[in-house]
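Engineer: Whatever this is, show me its structure:
(chains A and B)
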2 protein chains.
Amino acid sequence: MKPSLPGAGSMEGDPITELCTPAMVVDVDTVRRNAQRMIDRCQELGVQLRPHMKTHKTLECGDIMTGGTRRCVVVSTLAEASFYADHGFDDILYAYPLPFDKLESCAALSERLSLFQVLVDHPEALKLLSQRPLSAGRPWHVWLKLDCGNGRAGVLHSEPEALLLAQAIAKTEGVELTGVYAHCGNTYHCKGVDQIQAVAQETTTLTLQFMEKLRAVGINCKSSIGSTPSCSHPIKDMGQLSEVHPGNYVFYDVQQSLIGSCRMEDVAVRVLTRVIGHCPHRNQLLVDCGWAALSQDGGGKLPSGYAVIEGHPDLKLLSMTQEHGRVEPITGELDYRKHPLGSLLTLVPHHSCATAMMHSVYHIHSGGRLVGKWFPTRGW
Amino acid sequence: MKPSLPGAGSMEGDPITELCTPAMVVDVDTVRRNAQRMIDRCQELGVQLRPHMKTHKTLECGDIMTGGTRRCVVVSTLAEASFYADHGFDDILYAYPLPFDKLESCAALSERLSLFQVLVDHPEALKLLSQRPLSAGRPWHVWLKLDCGNGRAGVLHSEPEALLLAQAIAKTEGVELTGVYAHCGNTYHCKGVDQIQAVAQETTTLTLQFMEKLRAVGINCKSSIGSTPSCSHPIKDMGQLSEVHPGNYVFYDVQQSLIGSCRMEDVAVRVLTRVIGHCPHRNQLLVDCGWAALSQDGGGKLPSGYAVIEGHPDLKLLSMTQEHGRVEPITGELDYRKHPLGSLLTLVPHHSCATAMMHSVYHIHSGGRLVGKWFPTRGW
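Structural biologist: Just a heads-up that it's a prediction; the model follows:
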């Protein structure tokens, strides 16, 4: 008899089909391959890879992405920064507009690590840093966030304020201008390699032009751009940058395959779900995966709905409530004999970052056999 | 100087405005009022309240909803069932189609608690139960899931199979038919009390008719329907049922106020967020709440986008990425002087169940002062 805790019954060596569902599974071989490809690609390009931890938020995947160095990473939350710092990671860039409520926490990390780096895109944030000098004469390591067309955070590359802010950072006592950081999240609107590379070229060119302007006023610092699509198909000029900072590539997902960043066989994550109901009067199956296990990312707009159902191109995950999913055939009648109650379906998520957020444990497998569990950090 | 862990700086007695953001805050006075109203309403109606734990998944809120008895609750996952059982709750109904992979865990809970109850909507599930007799001659306590028009789980009330399955449960050795359970989640498509009550009436009538059919073949058992809209505006006939099982009412949300279940002042949860960017070139603010803190529930289709921004009916949460939200005025130009960097905005979530899922701690306040933290269970 198995123990009573859910999921506790499956052990290392068991096939993933033994897991209680819903369960997020990660193919560690695909993760390693994706990570190594990015490492190799950056080496060929001659640019430093600073992998983003926000997709997985685990130590194990951080190890794989850094090639075991635990150095040179980027994070999206202070919780990630603290988690990685607590476990021997260093050279951490907290790539988020300096949060005014977390200044003291950032100061503590700056004073504790060899190299903790923050992001600034407004003079008021610089003022806060200058008012909170670090101990022992340490400088704040600051990246200027530049918006090169992404339309989220950052000072616009085309505005005179961008150069003025860079100069202000460079000359402020107790603060060092470490680099210029641009995120090309606008590659997420692309279809295909040509479009991705056009956005990558534009972001790179604008960033390099800005670096020229800095040099013209006597400022030398690093530069970094990133996004999984652009770094999966880098353009030659990205070799002139100091760093790149993609993250999602370690898992990839359906969205990335549609953008053109990867092939479906590069996607490392799945959500396993079981059939819990037959509804012939609606020509539907019920499965035990709702938005609590998959997230509502993508809004169900794939031809196959909220996910791709592996091995069943004829099926669609039509809708979800908290713990239920409704599956129906894209055309025709369901053959219920193929999907007995309790049988498994395998969902490839639209967005692996959003799906991973819904799970407090990832079940790791190699060739379909469980090899361990990874526990992500959460919160802010 | 505050400690370095995020959120660790705020203590009981502090105003919620001291919290690091994003943060989910719960007004405990509103929670108590919502809970007491439902207790009173059910007493007046003469029906047993079996509150659903799935919205909050915390012990503290379970205490409030059960009036401190820790008895007679319903849960949506086995993780919730185990969590509540581990903390002295009993008379737990696991209202989910019997998951074939969790049979042994259900057996263990049935053997350990005074009253653990499962849900069945298919003869194959009944067969599994009969093949796994409980120890010491205990019966499996089984509710038959009936679909009275909700269109999710359950055997259709109109199909002969429904009565046949009820009879089969009643006569199977080692299994007891405890009740008939119908969820009227179709009230979520309603606008206004009249529509809610029409669905409640239909579900109640169909359930009571089914109970008549059962009595006609010599079967007596309990009946239960539920959903927050129907139980917020119950119809008289619901007094003829044994139980009702709403859950969301303890928090409520924007969706419930639009359905007509509650007023906006009954909504107990908020997500606090801070302004992290001014983007005058786009007439937008950036805030530190993305879908990692709010969920994408509702798809941004409210006039105010993904949430209601309290005190700012002129603002819209237009879009979110993982950790960023874009806010813009519904019409006209943003007045940035009203929203300095670091200032707070208060988001009323579209769906509190979905938002609560994104938080591993809820910050509890009374009158805007912190009084504690609640930690929900997660997983399956």
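
Engineer: Identify the residues contacting the residue located most distally from the centre of chain A.
Structural biologist: Centroid-distance maximum for chain A: A:H281 at 40.8 Å, with CA atoms, centre = their mean. Counting by CB atoms under 8 Å, 6 or more residues apart in numbering or on different chains, A:H281 touches B:L156, B:E159. From N, CA and C alone the C-beta is placed, and that goes for glycine too.

Engineer: Over to A:A81?
Structural biologist: Contacts for A:A81 (CB under 8 Å, 6+ apart) come out as A:V75, A:I92, A:Y94, A:L109, A:F116.

Engineer: now do 6 Å
Structural biologist: By CB atoms under 6 Å, 6 or more residues apart in numbering or on different chains, A:A81 lies in contact with A:V75, A:I92, A:Y94, A:L109.

Engineer: which one of these is nearest chain B?
Structural biologist: A:L109 (6.6 Å; CB to the nearest CB).

Engineer: can you count the residues close to A:G332?
Structural biologist: Look at A:G332: counted by other CB atoms under 10 Å in any protein chain shown, it has 9 neighbours.

Engineer: quick one: the residue farthest from the centre of chain A is in a helix?
Structural biologist: Yes: under DSSP: H, G, I helix; E, B strand; the rest coil, A:H281 falls within a helix.

Engineer: wouldn't A:V287 be in contact with A:T273 here?
Structural biologist: Yes: with contact defined as CB atoms under 6 Å, A:V287 reaches A:T273; the gap is 4.4 Å.

Engineer: Give me the common contacts of those two.
Structural biologist: A:L345.

Engineer: Those two - which one has more neighbours?
Structural biologist: Remark: of A:V287 and A:T273, A:V287 carries more neighbours, 29 against 25, as counted by other CB under 10 Å.

Engineer: can you pull the alpha-carbon coordinates of stretch A:176-193 into PDB?
Structural biologist: Taking C-alpha atoms only, stretch A:176-193 is exported to PDB below (Å, rounded to 0.1, in the frame of the first residue of the first chain):
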ATOM      1  CA  GLU A 176      29.000  52.900 -10.400                       C
ATOM      2  CA  LEU A 177      27.500  52.600 -13.900                       C
ATOM      3  CA  THR A 178      28.000  48.900 -14.500                       C
ATOM      4  CA  GLY A 179      26.100  48.600 -17.800                       C
ATOM      5  CA  VAL A 180      23.300  49.400 -20.100                       C
ATOM      6  CA  TYR A 181      20.400  46.800 -20.100                       C
ATOM      7  CA  ALA A 182      17.800  46.400 -22.800                       C
ATOM      8  CA  HIS A 183      15.100  43.700 -22.900                       C
ATOM      9  CA  CYS A 184      13.700  42.900 -26.400                       C
ATOM     10  CA  GLY A 185      10.500  41.300 -25.200                       C
ATOM     11  CA  ASN A 186       9.000  42.700 -28.400                       C
ATOM     12  CA  THR A 187      10.400  39.600 -30.100                       C
ATOM     13  CA  TYR A 188       7.400  37.800 -28.500                       C
ATOM     14  CA  HIS A 189       5.200  39.300 -31.200                       C
ATOM     15  CA  CYS A 190       7.400  37.800 -34.000                       C
ATOM     16  CA  LYS A 191       6.600  34.900 -36.300                       C
ATOM     17  CA  GLY A 192       9.700  33.200 -37.600                       C
ATOM     18  CA  VAL A 193      13.500  33.700 -37.500                       C
END
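
Engineer: Would that stretch count as contacting chain B?
Structural biologist: No: figure legend: stretch A:176-193 not in contact with chain B (CB under 6 Å from any CB of the partner chain); closest approach 7.1 Å.

Engineer: same question, stretch A:331-351
Structural biologist: Yes: interface with chain B: stretch A:331-351 contributes A:L341, A:G342 (CB under 6 Å from any CB).

Engineer: what number of residues lie near the closest residue to A:T331 other than its chain neighbours?
Structural biologist: Using CB to CB, 6 or more residues apart in numbering or on different chains and skipping residues adjacent in sequence, the residue nearest A:T331 is A:D314, 7.4 Å away. A:D314: 15 surrounding residues under other CB under 10 Å.

Engineer: Next, find the distance separating A:D237 from A:I16.
Structural biologist: Note on A:D237: its distance to A:I16, by CB to CB, to the nearest Å, is 42 Å.

Engineer: Those two: which has the busier surroundings?
Structural biologist: In this view A:D237 and A:I16 are compared by other CB under 10 Å, and A:I16 has more residues nearby, 21 against 15.

Engineer: you'd agree the more buried one is up against A:H365?
Structural biologist: Yes: at 5.0 Å, A:I16 counts as touching A:H365 under the criterion of CB under 6 Å.

Engineer: which residues do those two both contact?
Structural biologist: What both A:I16 and A:H365 touch, as defined by CB under 6 Å, 6+ apart, is the set A:V25.

Engineer: Which residue does the stretch 251-380 of chain A have closest to chain B?
Structural biologist: Closest contact between the stretch 251-380 of chain A and chain B, by CB to the nearest CB, is at A:G342 (3.3 Å).

Engineer: Tell me the secondary structure of that residue, please.
Structural biologist: When classified by three-state DSSP, A:G342 comes out as coil.

Engineer: and it, how many residues sit next to it?
Structural biologist: When neighbours are counted by other CB under 10 Å, A:G342 registers 18.

Engineer: Without its sequence neighbours, what residue ends up closest to it?
Structural biologist: B:F100 (3.3 Å).

Engineer: Over to A:D253?
Structural biologist: Distance criterion CB to CB, 6+ apart; nearest residue to A:D253, sequence neighbours excluded, is A:S352 at 4.0 Å.

Engineer: does that neighbour really touch A:Q256, like I thought?
Structural biologist: No: between A:S352 and A:Q256 there is no contact under CB under 6 Å: 8.2 Å.

Engineer: Perfect, that will be all.
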